[in-house]
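A.B. asks: Build me a model:
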Amino acid sequence: MKVDLFDFHLPEELIAQTPLPNREASRLMVLNKRTGETKHEETFRAILSYLNEGDCLVLNDTRVLPARLYGEKEDTGAHIEVLLLKQLEGDRWETLVKPAKRVKVGTTLSFGDGRLKATCVEALEHGGRVLEFAYDGIFYEVLEALGEMPLPPYIKEQLDDRERYQTVYARELGSAAAPTAGLHFTEQLLDDIRAKGVHIAFITLHVGLGTFRPVSAENVEEHDMHAEFYQMTEGTARLLNEVKQRGGRIIAVGTTSTRTLETIASKHNGTFVAESGWTDIFIYPGYEFKAIDGMVTNFHLPKSTLIMLVSALAGRENVLRAYEEAVKERYRFFSFGDAMLII
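C.D. replies: So this is what the prediction gives:
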């Protein structure tokens with residue numbers, strides 16, 4: 001299957017650069033996955049009318065690390081930018097370093113006037129470096145003080161309030177990027193959803209920067225997905241199995257929740273169990289869904305693995321027609337953009 005089949009024209013001015021003041025104020029397109037029919041809702045709050053008692057919304061409670069650090073080489077004072085990707089063990093992290101050629105094994109970096117230091121212990125490909133950090137106190141508290149939020153590369157504006165790149169229910173630190181479909185929810189909206197008799201369940205998937213990596217292969221099948229850490233608790237697994245047994249719908253909020261649910265259900269004959277691990281599941285048209293009945297998602301990049309996943313659920317032609325309509329109707333795209341509900 002050719003990657004070009006998932007291309008579409010996207011005017012650059014439709015890429016949302018800043019979040020709306022009110023999370024719920026985003027527009028909502030509703031796509032019928034069977035017929036391809038679309039409806040347009042003025043605000044995201046309208047999602048309430050599409051959820052039924054007994055359904056279950058599944059949210060990813062990962063929290064984005066302020067993972068971008070600006071520091072200098074201790075010996076020369078040269079400026080270095082570091083992006084934390086993945087904690088390996090203890091205080092060792094896989095990182096991206098710029099400019100990488102200046103950071104060789106043994107190089108020591110300093111951040112915040114020495115409050116945080118790092119030594120390069122391994123050189124990886126494409127600017128990757130394994131750094132071992134040294135500090136006083138608690139690492140994540142030091143990181144909160146010194147780090148910046150790593151916004152996606154297509155967002156050029158500075159973010160005034162970095163909590164706007166976190167969901168209101170974010171609690172498990174570990175992501176390099178936000179699960180952006182969840183940015184539309186407020187505490188009040190979640191309370192109103194619960195009051196309607198809709199269950200809310202949480203899973204964790206720590207989003208890696210590979211989520212922004214373009215598909216360079218010509219054929220979809222040749223693309224290698226990055227692996228990301230996921231976790232499901234006993235309580236969530238039990239609730240999801242009960243919802244399924246009672247005929248309720250499981251609606252994943254975002255591609256990250258979808259990938260987690262499908263990973264677990266694929267391993268356990270369509271049922272859910274408490275477990276954690278790494279997933280590199282790649283969902284594209286032809287995939288048979290075993291876990292979800294619908295999903296909430298944002299509008300994605302042309303030719304991305306994300307639009308391929310959405311196309312697997314609702315059909316490529318239906319999705320591309322809906323995207324064409326979204327462009328025509330001036331929907332806002334990507335992380336801070338508008339939302340789509342596929343049911």
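A.B. asks: When you work out contacts or count neighbours from here on, use the C-alpha atoms and nothing else.
C.D. replies: Fine.
A.B. asks: The stretch 201-343 of the chain: helices as residue ranges?
C.D. replies: Applying DSSP state H, counting those that start in this stretch to the stretch 201-343 of the chain gives helices spanning 234-245, 255-267, 305-314, 316-328.
A.B. asks: Quick one: closest of those to residue 116.
C.D. replies: Nearest to residue 116 among the helices of the stretch 201-343 of the chain is helix 255-267 (31.4 Å), distances taken as CA to CA.
A.B. asks: Which elements pack onto the closest one?
C.D. replies: Contacts defined by 3 or more CA pairs under 8 Å, 6 or more residues apart in numbering; DSSP states H and E place helix 255-267 against strand 56-60, strand 199-205, strand 275-279.
A.B. asks: So which other helices or strands are in contact with the longest one?
C.D. replies: The reference is to strand 199-205. Secondary-structure packing of strand 199-205 (3+ CA pairs under 8 Å, 6+ apart): strand 56-60, strand 228-232, helix 234-245, helix 255-267.
A.B. asks: Tell me which of these sits nearest to residue 81.
C.D. replies: Closest approach to residue 81 among these (CA to CA): strand 228-232, 23.1 Å.
A.B. asks: Contacts made by that closest one with the rest, please.
C.D. replies: 202-208, 260, 273-280 (CA atoms under 8 Å, 6 or more residues apart in numbering).
A.B. asks: and the angle for the longest strand that the chain contains with strand 228-232?
C.D. replies: In the chain, taking DSSP state E as the definition, the longest strand is strand 79-89. In terms of direction (axes from the mean of the first three to the mean of the last three CA atoms, to 10 degrees), strand 79-89 departs from strand 228-232 by 40 degrees.
A.B. asks: Give the partner strands of strand 79-89 in its sheet and their orientations.
C.D. replies: With DSSP bridges as the test, strand 79-89 is paired with strand 68-73 (antiparallel), strand 92-98 (antiparallel).
A.B. asks: how far out from the middle of the chain is that strand?
C.D. replies: Mean C-alpha position of strand 79-89 versus that of the full chain (CA atoms, centre = their mean, to the nearest Å) differs by 19 Å.
A.B. asks: what are the C-alpha coordinates of it, in PDB please?
C.D. replies: Output of strand 79-89 as PDB, limited to C-alpha atoms (Å, rounded to 0.1, in the frame of the first residue of the first chain):
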ATOM      1  CA  HIS A  79      25.800  26.000  23.900                       C
ATOM      2  CA  ILE A  80      24.100  22.600  23.700                       C
ATOM      3  CA  GLU A  81      20.400  21.700  23.400                       C
ATOM      4  CA  VAL A  82      19.300  18.300  24.800                       C
ATOM      5  CA  LEU A  83      15.900  16.600  24.400                       C
ATOM      6  CA  LEU A  84      15.100  13.800  26.800                       C
ATOM      7  CA  LEU A  85      13.600  10.800  25.000                       C
ATOM      8  CA  LYS A  86      13.500   7.800  27.300                       C
ATOM      9  CA  GLN A  87      14.700   6.900  30.700                       C
ATOM     10  CA  LEU A  88      16.900   3.800  30.500                       C
ATOM     11  CA  GLU A  89      17.900   2.900  34.000                       C
END
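A.B. asks: Show me what counts as buried in that strand.
C.D. replies: Neighbour-count burial for strand 79-89 flags 80-86 (criterion: 16 or more other CA atoms under 10 Å).
A.B. asks: cool, and stretch 112-130?
C.D. replies: Those would be 116-121, 123, 128-130, for stretch 112-130 by 16+ other CA under 10 Å.
A.B. asks: closest to residue 192 among those residues?
C.D. replies: Taking CA to CA as the measure, residue 192 sits nearest to residue 116 out of the buried residues of stretch 112-130, at 43.4 Å.
A.B. asks: can you pull the contacts of that closest one?
C.D. replies: Residues near residue 116 by CA under 8 Å, 6+ apart: 110, 133-136, 142.
A.B. asks: and if we set it to 10 Å?
C.D. replies: Residue 116 is in contact with 71, 109-110, 133-136, 139, 142-143, 146, counting by CA atoms under 10 Å, 6 or more residues apart in numbering.
A.B. asks: Just the pLDDT at it, thanks.
C.D. replies: What the model reports as pLDDT for residue 116 is 98.
A.B. asks: same check, this time on residue 212
C.D. replies: 62.
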